[in-house]
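# With the sequence up front, the predicted model follows.
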Amino acid sequence: MLNLNLLFDPLSLFFLCVIVIVSLPSAIYSFSYLKGEYPPAKITLSSLLLAIFILSMAAVVTVGNALIFLVAWEIMSLVSYFLVILDTKHEKSVQAGMIYIVMTHIGTAFLIAAFMMMYKFAHSFDFLAIKSVCQAMPVQERNLVFLFLLIGFGTKAGIVPLHIWLPYAHPQAPSHISSIMSGVMIKTAIYGIIRFIFFILGVNVPWWGIFVLVLAVITCLVGIIYALMERDIKRLLAYSSIENIGIILLGVGLAMFFLSINLPYLAVFSMIAGMYHLVNHAIFKGLLFLCAGSVYKATGTRDIEKLGGLIKRMPQTAVYFLIGAMAISALPPFNGFVSEWLTLQAFFLGALHVTGGARLFLGISAALLALTSGLAAACFVKAFGITFLAQPRSRYAKEAKEVSLSMRIGMLFLSCLIVVFALGAVLIMKLLARVAATAMNIDTSSMIFSLNNFTLSPQAGNATYLSVPLLALVLFVLGAIGFFIYRLFGREKVKIYQTWGCGYYKLGSRNEYTATAFSKPFRIAFSFFLLPYRKTQKIRESFYHVKSFAYETYTTPVFKKYIYKPVIALVFKSAKFMRRIQPGSIHLYLGYIFVTLLLLIIFMYKF
Amino acid sequence: MMKISQILLQLILFIGFAPLLSGFIAKIKNNLRMRKGQSILQPYYNLAKLFAKEEVVSETASWIFRAAPFVVIAASLTAASLIPVLIFTNPMRYAGDFLVLIFIFSLGRFFLALAALDSGSAFGGMGASREMFISSLVEPALCLVIFSVFLQFSSTDISAFSAMHALSASSLVAAIALLLVTITETSRVPIDNQETHLELTMIHEAMVLEYSGRRLALLEMASYIKQMIFFFLIAQIIFPIALPEFVNLGQLGFWILWYFTRIIIIAIITALVEISVAKMRLFRAVDFLAFAFVLGIIATVCAIIGV
């Protein structure tokens, strides 16, 4: 008998909030974004799909039954597939949709397998019923369920190497959908991990946490390195989502690790750090996708090499993008900074409670997180600088106009949330503590993470503080002092003149640095992983005269080439092999059915 | 009120003496190279000159270019207020810890790189690209330095670890790693060269190439302050010093003398490093920073085994 009860515990409510705060501005944004992009019938269809999409995500995070969960999960995947291929005119969309639907079903298959294994013990799909028997499961089976769940949800979340669909599917959808997919949909996978692995299965072996941490570090680095290489602004954001999922999983993985070695305080703290980054990422990635959509709407291109100078043509969008870029680069005083600081603190504090090699492991993981945040800053300097600054690199960029009001309202709303989530850190931590408490069944009432209403203090007695409002105030006051020093010498005397061009004539946009050039040092430094190669071609007028020179640079998609291609080839090869038993003769097929029937009867009676 | 005036005093100390430190390093470098060299006060002359001058702003530049110097100086001054120099129970400890410093410097750098891209010159783009490249590789090393210090003192609060007496193998290695980070962050040889405007080599100078007049003066000021902050951090790790118990004026004088001598020693070491190595190719900088990272790991291992 199916139990249709919904769960409304803090964990579900938290994810519902995340869904709402990103979906709402995206929906407002979509009004004018869709106008003119598609024919009216398609706009109606997409609005309908959007509504179903949001509802299905809400269902995913609230249902209390694994079977209904699967149904909601599948609706969510299918509806988002239809939204990805909304642009059926483009060959790319269809292809992206194909990769997405295949990958997501591989993930779902693993989830079904995991649920079946749990059902075998619980004889019920109800969460609480499964939870009550999960402790009694044999270790082998528990490990297997854990791995299946991780693969299943990891595919949706975009954990490397299961991330392959994400950079194709997210950018192809209309921008407000990308914003919801990257901001919220991949977070439902994190919900799944927390709900099923922490809440239902329970964590008690350290290797789970370590395994997740290693995966998370790899995900962070791979995501951000690919993002740095990207020149399509929406794909750049999609890769950056992979990186941020890594950061969230660092918090979650640490929580698993600390829980398994019986450090409840640190487990709660790490979980809070992860959840905090989750909601932060939902906000700023939602915002950045909306901004990218505005840029696309205004210029008709997503290639940042063709953009530039938009800050003068779209001043408000530029400010919103800048706020989002600063938040995602973990710059104070914005929200990404708070959650990355908390994650680093979780690593540091954890190191005090473990010994030997585990300490070194935590230290190096923290250092790699720092590397990730440095690379993210570089990536978003590139994204903002090349897109919005200097001179326009094409006609499209030159003729861009600021987008309409409803789109700006959506972006303004999320920008304000970025500030709110930074300044209200203490309050948010208190709320998140209750979420973590539900997820891990730990009493957090005695845990205090703050000194007062403005100051975070990760561990009482360990004098480490962070007060975002104070920091913001000091930054502002000292900036004002800088301005005061500046004005001490009289009014601003500025002469507007050309950029220095080494004595040549006026510089044009062709003289500007490009995104590809900007990322060149990274391409060389990480060449062991990116495997860059170039194609050069001399275009000759005659044998003696080279008219022009074509130069293209590429990076090798390592995962696609070395993991997915061989697997796909293998699938096709075995399919071809299997075709031999399907010659198309109906007599033979009837024979197969008969033999199968016989075997089944024998099986029934003998075993 | 008392506390605020203390912080202001500390900031004035930074603003007042940071250029002197740079002038001092330049002087040592010149003397070691058997040159007479500029006056030790040259940075002040430069600043005075720049403050009096008219500015030229590129016509392609936007408000980012105009605002960036103020963000950069705000970031540097905020960082200067976070570390305990004159006051050991710094009230600013509640605003942030050692880790926050990484993020605050990152804020200044982010805007400087954007401003460099804003003018639309290829130099700016080149500088921004290289700076972001180098700085992103610095961060893991810096993080490990902080981690190893944290393991010794169980706190990332700068005031807390500054107040403890301890010199261990771990701090020594961490300090060397931090020195490498400092050389990188203050754009010195072998990573960058403050003295040249050769387009093939410059990093920091390429970013500020379009700046002139008072905005340039602010940026220069910010990098002097940043340098002094790093020197104080190294000093605090390698020559740990706590608040003295004053017995008489002589002891106080000795304490103050030693307090600042530490900075001078580090300045001399920096100058020595700078004149004794050649500038590296950009991609050799990766090896240099990998070395700093490895030193960070060694410092961490030392801290773990407790030496």
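On my side now, so go ahead.
# Quickly note the distance from B:Met126 to chain A.
Separation of B:Met126 from chain A (Cβ to the nearest Cβ, to the nearest Å) stands at 6 Å. All C-beta spots, glycine's among them, are computed from the backbone N, C-alpha and C.
# what are the phi and psi angles of that residue?
phi -60, psi -50 (degrees, to the nearest 10).
# so who does it touch?
A:Tyr513, A:Ala517, B:Glu199, B:Ala206 (Cβ atoms under 8 Å, 6 or more residues apart in numbering or on different chains).
# among those residues, which are in helices?
A:Ala517, B:Ala206 (DSSP state H).
# what's the neighbour count on the nearest residue to B:Leu272 once chain neighbours are set aside?
With Cβ to Cβ, 6 or more residues apart in numbering or on different chains as the criterion, B:Leu272 has its nearest non-adjacent residue at 7.4 Å, and that residue is B:Leu32. Close neighbours of B:Leu32, defined as other Cβ atoms under 10 Å in any protein chain shown, add up to 15.
# surely A:Glu37 meets A:His176?
No: contact criterion Cβ atoms under 8 Å: A:Glu37 and A:His176 do not qualify, at 10.8 Å.
# Neighbour count: the two, which is higher?
Using other Cβ under 10 Å, the more surrounded residue of A:Glu37 and A:His176 is A:His176, with 28 against 18.
# how about the residues of the stretch 201-350 of chain A near chain B?
Taking Cβ under 8 Å from any Cβ of the partner chain, the part of the stretch 201-350 of chain A that reaches chain B is made up of A:309, A:311-312, A:322, A:326, A:329-332, A:337, A:340-341, A:344-345, A:348.
# Pick out whichever of the residues you listed sits closest to A:Met578.
A:Glu340 (49.6 Å; Cβ to Cβ).
# re earlier: among the residues of the stretch 201-350 of chain A next to chain B, which ones are in strands?
Among those, the subset assigned to strands under DSSP state E is empty.
# Just the closest of those to A:Tyr505, please.
For these, the minimum distance to A:Tyr505 (Cβ to Cβ) is 19.2 Å, reached by A:Gly309.
# List the contacts of that closest one.
Counting by Cβ under 8 Å, 6+ apart, A:Gly309 touches A:Phe388, A:Leu389, A:Ala390, A:Gln391, A:Pro392, A:Arg393, A:Ala397, A:Lys398, A:Ser509, B:Thr60.
# The fourth one: what secondary structure?
It stands for A:Gln391. Following DSSP: H, G, I helix; E, B strand; the rest coil, the label given to A:Gln391 is coil.
# The nearest residue to it once chain neighbours are set aside: what's it in contact with?
Of all residues not flanking A:Gln391 in the chain, A:Ser509 sits nearest, at 4.3 Å (Cβ to Cβ, 6+ apart). By Cβ under 8 Å, 6+ apart, A:Ser509 lies in contact with A:Gly308, A:Gly309, A:Ala390, A:Gln391, A:Pro392, A:Arg393, B:Gly120.
# what does A:Tyr296 give?
A:Tyr296 neighbours (Cβ under 8 Å, 6+ apart): A:Ser175, A:Ile233, A:Lys234, A:Arg302.
# what's the offset of the helix or strand where the third one lies from the middle of its chain?
Assigned by DSSP states H and E, A:Lys234 belongs to helix A:233-260. When C-alpha coordinates are averaged (Cα atoms, centre = their mean, to the nearest Å), helix A:233-260 and its chain have centres 7 Å apart.
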